[in-house]
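J.: Just the structure for this:
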Amino acid sequence: MPPVFAHGRLRLYLLKLLDEAPRHGYEVIRLLEERFQGLYAPSAGTVYPRLAKLEAEGLVTYATEGGRKVYSITEAGRAELADRGGELADLELEIRDSVSELAAEIRADVSGAAGDLRREMRAAASASAAHVDDESWSVAKEEFRKAKAEWKEQARRAKDESRRAREEAQQARRQAKEAQERAREEVQRIAGQLQEQFAKSGGVLGSLAGAWLGGSTPGTPGASDTAKASDSAAAPAPSSGADWARDVPATGDAARDLDRLLDRFRDDIRDAARDHGVSPAQLSEARAELAATAARLAVVLRGGA
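T.: Numbering: from 1, shown residues only. The predicted structure follows:
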């Protein structure tokens, strides 16, 4: 392909573009590509050195805006552009001719490539047809039959695995539900036992159990042990563990339900202790009761008898 610009013509056209408006180098490249309808775009290595040479000759100047050089034509540049007006008109005609020539070359290249591709495809198809005989057709059919049988076997295995997975999931849900019920029943049973033991022990532990499970009237911190024992004796009969946990509904998640029951236990005992106060002797008794309860719960949750 011949050069798009003859010697010195790109320099002249750069002056024309800068005479239209100040521009930075990238904009000059984009405008040249537009003038050639996308068929030609000069490289930065072609444009920027020529702009630098024009600037060195005093034909253009530049100002830095946003970190980029914006070039403007000088009076000297306009004078040269005016002197070469006839050459510029010829250049515009040359550009239009160059666009037509480039388009024709591209069409020819595309047409030739498409023709070559069609010929190669026809040749490949003919070669393939020539090599397909009865034996190769039988081999192909046998490969297809094996592939189909293998696919069916994989589908059957996948179906069996899916069925087993569903059954295992159902069994896991049943076991989780049973474990949840056992844990809930055991917590309720132990809560009832604790209530009875605390009520019998008297002192602050009896008051704590009564306040926790709704069986005593809260006293005031600092009261005598005799007054606390009297309050415990005068309290209504303790409620059962089931009554205590009635307002802690099941969610279907055993671990979560157990956490909620333990939170309820902790909060109620803490509230009762705050209301009644705890002496060192009562703390020791509470420690022993809680240790025994923790041991029993650990056996239950580990699946022991």
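J.: so where is this protein shaky, pLDDT-wise?
T.: Low-confidence segments of the chain, defined by pLDDT under 70: 1-8, 97-118, 123-134, 191, 194-246, 304-305.
J.: can you give me the strands for it?
T.: For the chain, the strands defined by DSSP state E occupy 23-24, 60-65, 68-73.
J.: now those as JSON lines including distance to residue 93?
T.: Bear in mind the C-beta positions are built from the backbone N, C-alpha and C, glycine included. Below are these laid out as JSON lines (distance: least, Cβ to Cβ, whole Å):
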{"stretch": "strand 23-24", "distance to residue 93": "23"}
{"stretch": "strand 60-65", "distance to residue 93": "25"}
{"stretch": "strand 68-73", "distance to residue 93": "23"}
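J.: would you turn those into a markdown table with mean neighbour count?
T.: Shown next, in a markdown table, are the strands of the chain (neighbours: other Cβ atoms under 10 Å):
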| stretch | mean neighbour count |
| --- | --- |
| strand 23-24 | 18 |
| strand 60-65 | 14 |
| strand 68-73 | 18 |
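J.: what about the nearest residue to residue 264 once chain neighbours are set aside, neighbour count?
T.: Take residue 264 and drop its neighbours on the chain: the residue closest to it by Cβ to Cβ, 6 or more residues apart in numbering is residue 248, 5.5 Å away. Using other Cβ atoms under 10 Å, residue 248 has 16 other residues around it.
J.: cool, and residue 141?
T.: Residue 141 has 10 neighbours, counted by other Cβ under 10 Å.
J.: got it, and residue 257?
T.: A count of nearby residues for residue 257, using other Cβ under 10 Å, gives 20.
J.: can you tell me how far it sits from residue 72?
T.: Distance of residue 257 to residue 72, computed by Cβ to Cβ, to the nearest Å: 80 Å.
J.: And the helices in the stretch 201-305 of the chain, which stretches?
T.: Counting by DSSP state H, counting those that start in this stretch, the stretch 201-305 of the chain forms helices over residues 203-212, 225-234, 241-244, 254-276, 280-301, given from the N-terminal end onward.
J.: per the record, what domains does this structure have?
T.: 9-108, 174-301 (automatic domain parsing).
J.: closest one to residue 166 among those?
T.: domain 174-301 (12.8 Å; Cβ to Cβ).
J.: distance between the ends of that closest one?
T.: Start and end residues of domain 174-301 are separated by 17 Å (Cα to Cα, to the nearest Å).
J.: Kindly report the same for stretch 62-72.
T.: Separation of the first and last residues of stretch 62-72 by Cα to Cα is 6 Å.
J.: Surely the residue nearest to residue 264 and residue 261 touch.
T.: Yes. With contact defined as Cβ atoms under 8 Å, residue 248 and residue 261 form a contacting pair (5.8 Å).
J.: Residue 95 is nearest to which of the strands of the chain?
T.: Put simply, out of the strands of the chain the one that sits nearest residue 95 is strand 23-24, at 17.8 Å, with distance taken as Cβ to Cβ.
J.: tell me what that closest one is packed against?
T.: Counting contacts by 3 or more Cβ pairs under 8 Å, 6 or more residues apart in numbering; DSSP states H and E, strand 23-24 is packed against strand 68-73.
J.: circling back to that earlier point, who are the contact partners of the residue nearest to residue 264?
T.: The neighbours of residue 248, taking Cβ atoms under 8 Å, 6 or more residues apart in numbering as the test, are 257, 260, 261, 264.
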